[in-house]
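the following comprises the amino acid sequence and a computationally predicted model.
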Amino acid sequence: MQLSARLLRVLAILLVALPSRSAGHAANDAVGGGDDRPSPPCSPADRAALLGFKAGVAADTTGILATWAGGDCCGAWEGVTCDAATGRVVALQLEAPPPKDRHYMEGALSPSLGGLEFLEALVIRDMGRIGGAIPAALSRLTRLRALYLEGNMLAGAIPGSLGKLGSLQYLSLAGNRLEGQLPPELGAISGLEQINVARNRLSGAVPPSYKGLSRLAYLDLSNNLFSGAVPGFIGLFKNLALLDLSNNSFSGEIPASLCTLHSLTDLSLSHNKLGGQIPPQMGSLQSLNSLAMDGNMLVGSIPASLLGLQKLWYMNLSRNGITGALPEFTRGAGLNWLDISSNAIGGQIPSSISKLSSLERLDISRNRVRGVIPASMAEMVSLEWLDLSSNALVGRIPDNFTRLTSVRHASFRGNKLCGRIPQAKPFNLFRAAAYAHNLCLCGKPLPPCRKI
């Protein structure tokens with residue numbers, strides 16, 4: 001669900017970024033006031049720049065470039081959008097049709113694209129085999145507002161010359177093979193609203209010059225080799241809605257300044273080397289929908305304030321060193337997914353956990369939780385996944401768990417439980433492994449209970 005939400009956000013940004021002009025001759029009525037004057041043909045300079053790109057493509061299984069024939073690139077050239085009043089190319093949008101494993105372009109980005117001087121949007125997405133370096137000549141596109149070069153095989157460094165694109169608002173170079181550090185020069189583009197360089201091989205720290213990018217609403221640096229501290233100046237990005245730093249080597253503590261980003265809806269710091277405690281001020285992020293901090297070295301207890309975030313539906317704190325007892329669950333009625341597995345959490349499961357009535361997935365496995373399983377958990381009728389394995393729970397599995405009819409996966413293994421397993425679907429149908437390594441559980445799927 002997270003990926004879908006992010007994809008929808010990116011698509012929405014792209015729709016805003018693209019020019020609101022129609023392509024080719026069809027735009028004549030809208031721009032020309034409905035008269036019969038023909039639209040001008042595309043500029044010879046623009047046509048030459050596009051043909052330069054085509055010449056750099058050795059193979060094209062998308063069929064797009066087959067339409068690039070004839071003298072007027074504003075006519076039927078797929079992916080090309082012109083200003084109907086001037087005949088200048090204002091957008092180039094090339095995307096591989098599905099299935100993507102069969103449709104691709106193989107070749108390189110020609111520096112000739114830098115000749116499209118009126119270009120406002122350049123999108124070459126999911127072509128798979130477009131490789132080589134990002135041409136420094138793209139820095140000549142001074143009117144460019146959106147640059148999307150996603151899902152290709154681009155290699156080398158991100159050119160610092162892109163910092164000359166003073167009109168740029170949306171930048172995505174995700175899903176390539178780019179290396180080196182983030183160019184400090186990008187910090188000069190004060191109007192940037194989106195930076196997405198996920199799924200590359202970039203390294204180093206976030207440049208201090210990015211402190212001035214106060215309009216950023218979307219920052220995705222995930223799945224790279226970045227290191228160093230999470231910059232405290234990120235707290236200056238008051239419009240930030242998505243921050244994804246996951247799957248890198250960021251270290252140090254989570255800066256308290258992140259807790260001032262009141263527009264933040266999605267935060268992922270997963271799979272880094274972050275330590276220290278979870279800042280209790282995170283409870284002030286009232287717009288937060290998803291929070292992922294799994295796979296770090298966080299310590300201390302879970303701040304109770306996190307359970308008061310009314311819009312939070314996903315929280316993953318698994319695989320850390322979190323200790324202390326589970327906080328009383330007071331609010332947080334919208335939480336659908338809670339994973340706190342593989343920590344050192346102790347104490348008992350509070351009966352107030354039943355207040356998380358919308359919870360669909362609950363994973364408390366591989367901790368040090370003791371005491372009995374609260375019978376009040378039977379009120380969590382939305383549960384589909386329940387994992388309480390590898391703890392120190394005692395007593396029996398409450399009989400009223402038969403009310404949890406939506407559960408598709410459950411595990412109670414590796415505790416100190418005893419007594420009869422609830423003899424109703426789905427609990428009597430799970431595999432015996434779900435109940436293994438306890439004291440004296442009995443009843444299907446285990447052997448029958450002894451009669452006294």
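Structure received.

quick check: buried residues in stretch 109-117?
109-117 (16 or more other CB atoms under 10 Å). The way it works is simple: take the backbone N, C-alpha and C, and place the C-beta from them, glycine included.

which one of these sits closest to Asn343?
Leu109 (46.3 Å; CB to CB).

and that closest one, what does it touch?
53, 56, 124, 130, 132-135, 149, 154 (CB atoms under 8 Å, 6 or more residues apart in numbering).

want to throw those into CSV with distance to Ile349?
Output for the contacts of Leu109, formatted as CSV (distance: CB to CB, whole Å):
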residue, distance to Ile349
Phe53, 61
Gly56, 61
Ile124, 52
Ile130, 53
Gly132, 56
Ala133, 55
Ile134, 52
Pro135, 58
Leu149, 49
Leu154, 50
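
in the stretch 201-350 of the chain, what spans have low per-residue confidence?
331-333 (pLDDT under 70).

quick one, strands of it?
Along the stretch 201-350 of the chain, the segments classed as strands by DSSP state E, counting those that start in this stretch run 201-204, 218-220, 225-229, 242-244, 249-253, 266-268, 273-275, 290-292, 314-316, 337-339.

the closest residue in space to Ile364 that isn't next to it in sequence and Ser287, how far apart?
Nearest residue to Ile364 in three dimensions, chain neighbours excluded: Leu388, at 5.5 Å (CB to CB, 6 or more residues apart in numbering). Distance, Leu388 to Ser287, by CB to CB, to the nearest Å: 31 Å.

who has more neighbours, these two?
Leu388 (24 against 15; other CB atoms under 10 Å).

quick check: bridge partners of the spatially closest residue to Gly300 that is not a sequence neighbour?
In space, and not counting its chain neighbours, Gly300 is closest to Gln277: 3.5 Å by CB to CB, 6+ apart. Per DSSP bridges, the residues bridged to Gln277 are Val299.

residues touching Gln277, list them.
Applying CB under 8 Å, 6+ apart to Gln277 gives the contacts 253, 298-301.

now list the buried members of these.
Counted by 16+ other CB under 10 Å, the contacts of Gln277 give 298-299, 301 as buried.

for the residue lying closest to Gly232 once chain neighbours are set aside, give its distance to Ser290.
Distances taken as CB to CB, 6+ apart put Pro255 closest to Gly232, at 4.3 Å, once the chain neighbours are dropped. Using CB to CB, Pro255 is found at 19 Å from Ser290.

following the lengthiest strand in the chain, which helix or strand comes up?
As assigned by DSSP state E, the longest strand anywhere in the chain is strand 89-95. Sequence-wise, the next helix or strand downstream of strand 89-95 (DSSP states H and E) is strand 105-108.

pull the distance from that following strand to the chain's centre.
Counting by CA atoms, centre = their mean, to the nearest Å, strand 105-108 is centred 27 Å from the centre of its parent chain.

equivalent analysis for stretch 62-74, please.
The answer for stretch 62-74 is 35 Å, by CA atoms, centre = their mean.
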